[in-house]
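>>> only the shape, not the letters, is given here:
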């Protein structure tokens, strides 16, 4: 039962994260046009953070605890290692948007909106997150099917 629960939560995080990153990008472009767009951007970003925490926690649990496959299966699978590389890329590229949103939250608390230049650059980076999440999902199905496994059964 634990195996199924972890798998469901892990895949649920994918859906939450994809929806949140799309909503965050869409609302970030509307900040200058709509007074409540900044609040909606923050709300979507909260879901993105929750999805990331759920995704990482369940992924680590599944990979290290051996609830589905042994940990050695994961660490010797080329596709899984590629997926971890993509995760590292997402995390590295998310540092700047995260720091920007923290600055925006602080500025919003002081009743100040972000600069137009900051919004334009941020909007571009937010949209590229969606493609990286889709890449993560694609590699998930490959290694579940056994693609990239170095060992013979």
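Yep, that arrived. Only a predicted model underlies this, so the values are computations on that prediction, with no experimental measurement involved.
>>> for stretch 62-73, what is the average pLDDT?
In this model, stretch 62-73 has an average pLDDT of 88.
>>> cool, and stretch 100-114?
Stretch 100-114 comes out at a mean pLDDT of 81.
>>> how about that stretch: buried residues?
Counting neighbours by 16 or more other C-beta atoms under 10 Å, one finds that the buried residues in stretch 100-114 are 100, 101, 104, 108, 114. C-beta: built from backbone N, CA, C; applies to glycine.
>>> what do you get for stretch 15-30?
Within stretch 15-30, the residues that count as buried by 16+ other C-beta under 10 Å are 16-18, 20-30.
>>> kindly report the same for stretch 82-94.
82, 83, 84, 86, 87, 90, 94.
>>> likewise for stretch 39-47?
Buried, per 16+ other C-beta under 10 Å, within stretch 39-47: 40, 41, 44, 45, 47.
>>> surely the fourth one meets residue 20?
When you say that, I think you mean residue 45. Yes. Between residue 45 and residue 20 there is a contact at 7.3 Å, judged by C-beta atoms under 8 Å.
>>> that's all I had, so thanks and see you.
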